[in-house]
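Engineer: okay, here's the prediction I keep looking at, along with the sequence it came from:
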Amino acid sequence: MSDEPENPDPAENPDQGPSEEALKAEEERQRREEERLKKEEEIKKVEEALKGALSGLSKTNDGTAFAFVRLNLAEKELEQLHGTLDHLVHVRYIDLSGNALTSAGCLGKLPSVAWLNLSKNQLPSLAEFEQGFESVQNLNLSGNKLKELPALALPALRRLSLTENEIRSAEGFKGHPGLELLELRKNQLRKCKGLGAMPALKELYLGENEISDLRGLEDLPRLERLHVRANKLKGFLSPFPHLPALQHLNLRENQLEALDSLAVLRVASVNLQGNPFNEELGEAARKEVILRFPAFRRVNKADVTREEREEWIREWKEKEAERERERLEKEEEERKAREEAEAAGAPPEDACLTSHSRNVSILLQGYLDRATQQAMPRPRPATPAWLRALVRPRDPYSGKVLEQQRVYDRQSRRASIITGLPVAHAETIKKYPRLSL
């Protein structure tokens, strides 16, 4: 057996290094010391930035004293606040934009803040805003690192800006009872689900996303302005949302190819620039929109004047009259050509009698084919002139006048007379009571 102890003491054996536990403890101590020093440095930076940052001397909310109500700490390279602003209980306007903040939960304790600007920071989520911030009415969180839009309490909130984030879904939002303006431009939204149930909302900005339809915009009775510029709308895939108060709709730079998709709109102002049909029609696009949709009072950022509309309507009526004149001339030429052809090539009465059965059989077969292919009845085609001459044909052998068959069309409630049918064709008529010549 060896005489050496099982657990030698490092102090008795200086050649052996510290244990693993001792190394971890030392690393933890150094980390905490670094965090403490960093915190002290950040607190000192905030305190230094506070010098001269307060302004706007005004009465306090209770009216018993005066205090500064504005705080401007924009672009001060702040990373953490560490509760250094907790004593500013009378401040109402705070600007912390252009910093590197990753947390702002401590601001939720301030009882008087109504306007809060945290744009262009590094906030990763909105979890801190699910409680507190009870007096905030205007909240700007543009240019952060937000991934989704959850439900927000914020009972006093009226305006919320979330532009230039990375939000892909708003399904968890579930609306807000007092919100009047919501900005979600330059995100990654593909659907509008979750953006309903906002009875006070007046303006909604969804430009520069990846939205392909507007389903989900429900229960927005006071919405007046809707911006969906630079999305992927090809047409309204479902009926247009019921937005009774909507006045302005921005559809610029989408993928609308036909004006027919605008028939569902009931707005006074619309912007359609940058869509495919605009490129196809060129300068006449605006004129075409105004003529087809007279309810629009403002198109592509320009008011529609009374003189402009009347001039274009006059031009349109002239073009329509010209088209109608050309159509009538063409029909008259075709009518004359048919009459000349009938006068020159009409078959004699005897020839008509000998070929009667064959002609009627051909016509019946054509009508039967159409009857089996069409689900709904269509207007009866005109009877040719040569067939109208066979009102009372005679049998070529006996010379007797053939009987007439009266056929009743149940669908159109119209009776037709078919004359000179052989027995087989008469049975066919009885089998298909809707068929008539």
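Structural biologist: Arrived safely, thanks for sending. Residues are numbered from 1 along each chain as shown.
Engineer: now do the SS call for residue 197.
Structural biologist: coil (DSSP: H, G, I helix; E, B strand; the rest coil).
Engineer: how about residue 288, nearest residue that isn't a chain neighbour?
Structural biologist: Excluding the flanking residues, the one nearest residue 288 by C-beta to C-beta, 6 or more residues apart in numbering is residue 281, at 5.8 Å. Glycine gets a C-beta too; all of them are placed from N, C-alpha and C.
Engineer: look at residue 77 and give its secondary structure.
Structural biologist: Secondary structure assignment for residue 77 (three-state DSSP): coil.
Engineer: enumerate every residue touching it.
Structural biologist: Shown in contact with residue 77 (C-beta atoms under 8 Å, 6 or more residues apart in numbering): 45, 99-100.
Engineer: under the pLDDT cut-off, which ranges of the stretch 301-437 of the chain? List them.
Structural biologist: In the predicted model of the stretch 301-437 of the chain, residues 345-437 satisfy pLDDT under 70.
Engineer: could I get the phi/psi values of residue 297?
Structural biologist: Main-chain dihedrals, residue 297, degrees, to the nearest 10: phi -100, psi -10.
Engineer: ignoring the adjacent residues along the chain, who's closest to it?
Structural biologist: residue 268 (4.5 Å).
Engineer: that neighbour against residue 296, yeah?
Structural biologist: Yes. The criterion here is C-beta atoms under 8 Å, and residue 268 meets it with residue 296 at 6.8 Å.
Engineer: distance check, residue 183 against residue 295.
Structural biologist: 28 Å (C-beta to C-beta, to the nearest Å).
Engineer: neighbour count: these two, which is higher?
Structural biologist: Comparing residue 183 with residue 295 by other C-beta atoms under 10 Å, the one with more neighbours is residue 183, at 21 against 9.
Engineer: what is the more buried one paired to in the beta sheet?
Structural biologist: Beta-bridge pairing for residue 183 (DSSP bridges): residue 161, residue 205.
Engineer: which ones are touching it?
Structural biologist: Shown in contact with residue 183 (C-beta under 8 Å, 6+ apart): 142, 160-163, 205.
Engineer: re earlier: neighbour count winner among residue 268 and residue 296?
Structural biologist: A count of neighbours by other C-beta under 10 Å puts residue 296 above the other of residue 268 and residue 296, at 21 against 15.
Engineer: now do the more buried one against residue 267, distance only.
Structural biologist: Distance from residue 296 to residue 267, counting by C-beta to C-beta: 7 Å.
Engineer: now residue 130
Structural biologist: Going from residue 130 to residue 267 by C-beta to C-beta gives 36 Å.
Engineer: which one's more surrounded, these two?
Structural biologist: Counted by other C-beta under 10 Å, residue 130 and residue 267 do not tie: residue 267 has more neighbours, with 19 against 14.
Engineer: confirm for me that the more buried one is in contact with residue 250.
Structural biologist: No. With contact defined as C-beta under 8 Å, residue 267 does not count as touching residue 250 (10.3 Å).
Engineer: return every residue with contacts to both of these two.
Structural biologist: By C-beta under 8 Å, 6+ apart, no residue touches both residue 267 and residue 250.
Engineer: could you look up the SS state of residue 74?
Structural biologist: Following three-state DSSP, the label given to residue 74 is coil.
Engineer: that one reaches residue 94, doesn't it?
Structural biologist: No. The pair residue 74 and residue 94 does not pass the contact test of C-beta under 8 Å, sitting 9.9 Å apart.
Engineer: how does this protein divide up, domain by domain?
Structural biologist: 38-304, 305-338, 356-367+384-437 (automatic domain parsing).
Engineer: please work out which of the ones you listed is packed deepest.
Structural biologist: Neighbour counts (mean count of other C-beta atoms under 10 Å) averaged over each of those peak at domain 38-304, with a mean of 17.
Engineer: and the most centrally placed residue in the chain, how far from residue 263?
Structural biologist: For the chain, residue 214 is the residue whose C-alpha lies nearest the centre (C-alpha atoms, centre = their mean; 3.1 Å). Distance from residue 214 to residue 263, counting by C-beta to C-beta: 15 Å.
Engineer: any idea of the mean pLDDT in stretch 274-293?
Structural biologist: Summarised as a single mean, pLDDT over stretch 274-293 is 85.
Engineer: run the chain-centre distance for it.
Structural biologist: Chain-centre distance of stretch 274-293: 20 Å, with C-alpha atoms, centre = their mean, to the nearest Å.
Engineer: so that it lines up with my notes, have the first residue be 24 from now on.
Structural biologist: OK, 24 is where the count begins now, so the last one is stretch 297-316.
Engineer: what lies in contact with that stretch?
Structural biologist: Contact with stretch 297-316 is made by 274-282, 285-286, 288, 293, 295, 319, 322-323, 325, 327, 331-332, 335-336, 339, as judged by C-beta under 8 Å, 6+ apart.
Engineer: how about a cut-off of 6 Å?
Structural biologist: For stretch 297-316, the surrounding residues in contact (C-beta atoms under 6 Å, 6 or more residues apart in numbering) are 275-277, 279-280, 282, 322-323, 327, 335, 339.
Engineer: where does residue 348 land in three-state SS?
Structural biologist: Residue 348 falls in the helix class when you classify it by three-state DSSP.
Engineer: and the helices in the stretch 24-173 of the chain, which stretches?
Structural biologist: Here the stretch 24-173 of the chain has its helices, by DSSP state H, counting those that start in this stretch, at 43-73.
Engineer: what residue ranges in it score low on pLDDT?
Structural biologist: When residues are selected by pLDDT under 70, those of the stretch 24-173 of the chain lie in 24-40.
Engineer: any idea how far residue 280 lies from residue 298?
Structural biologist: Noted for residue 280: a distance of 8 Å to residue 298, by C-beta to C-beta.
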